[in-house]
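Visitor: here you go, sequence then predicted model.
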Amino acid sequence: MIRHYKITLLSPLFCYNKTEGGVASTEPFIGDISLNYALNFALAKKNEYTYQIKDKPDYEEIKEFGFVWTIGRPIYYEKTPIFTRKTSEISDYMVRRDIIEQMGKGLFKNYFHIQGIKEGSIFEASLLTFEDIKLPKTFTLRIGVGRECLLLFEEKKEKPEEIWLNLYTIKKIFGKDVKLRESQMLRFVLSHYIIGTGFKVEDLEYIFSN
């Protein structure tokens, strides 16, 4: 089953996946891997997955979730102003007492400039489920650094004209084959975000039917 959603940012999104002019900025897309972990966390299906800790996750576990998202494709977006952030290496993880205590012992702080995607920006993404997952027509999820960005999901009846796929997810995690047509292009953003543009919903159905 495939469901389609309009996604509205209720707060700014910071992911720091691009560096330009000395600024850690956020590319205008919502990662499918982030959405996969966010929805699984909200469904509370299992709690032993690696997003609960600060170690690098084992993305192979996404195959056990029972669903997969497409990339959140931008419909309308604005960038935030450029901010100066003060932090320390240990403060980018979840707020816990032991981390707060360690922060007070850190001798050096990091100062850097950041820029995100502004609240009110709109994206769209599709959700392919492999099992019976009941979701309300409207719900929220949290993603981003420290899960500080709140997303509003509103289910749509109409199919999107275009969907973006993460070829890392499809090929590396799920082991599916993807053959690009002339109208489709690739964007290499990060090692685990290889964005394919120009796909249709039917392409997603075909890929996961084999």
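Guide: Sure thing, it's come through.

Visitor: does Ile170 count as helix, strand or coil?
Guide: The three-state label given to Ile170 by DSSP: H, G, I helix; E, B strand; the rest coil is helix.

Visitor: now tell me which helix or strand of the chain has the poorest mean pLDDT.
Guide: helix 97-103 (a mean of 67; mean pLDDT, DSSP states H and E).

Visitor: what's the mean pLDDT across the longest helix belonging to the chain?
Guide: Longest helix in the chain by number of residues (criterion: DSSP state H): helix 32-43. In this model, helix 32-43 has a mean pLDDT of 91.

Visitor: what is the subsequent helix or strand relative to that helix?
Guide: Using DSSP states H and E, the helix or strand that directly follows helix 32-43 along the chain is strand 67-69.

Visitor: ok, that following strand: who's next to it in the sheet?
Guide: Paired neighbours of strand 67-69 in the sheet (DSSP bridges): strand 122-129 (antiparallel).

Visitor: may I see the buried residues of stretch 135-146?
Guide: Going by neighbour count (16 or more other C-beta atoms under 10 Å), the buried part of stretch 135-146 is 135, 141-145. In short, each C-beta sits where N, CA and C put it, glycine included.

Visitor: any chance of a markdown table for these, columns pLDDT, secondary structure and distance to Glu27?
Guide: Output for the buried residues of stretch 135-146, formatted as a markdown table (pLDDT from 0 to 100; DSSP: H, G, I helix; E, B strand; the rest coil; distance: C-beta to C-beta, whole Å):
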| residue | pLDDT | secondary structure | distance to Glu27 |
| --- | --- | --- | --- |
| Leu135 | 94 | coil | 27 |
| Leu141 | 95 | strand | 19 |
| Arg142 | 92 | strand | 19 |
| Ile143 | 88 | strand | 14 |
| Gly144 | 77 | coil | 13 |
| Val145 | 68 | helix | 14 |
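
Visitor: Tyr5: which of the residues you listed is nearest?
Guide: The shortest approach to Tyr5 among the buried residues of stretch 135-146 belongs to Leu135, at 9.4 Å (C-beta to C-beta).
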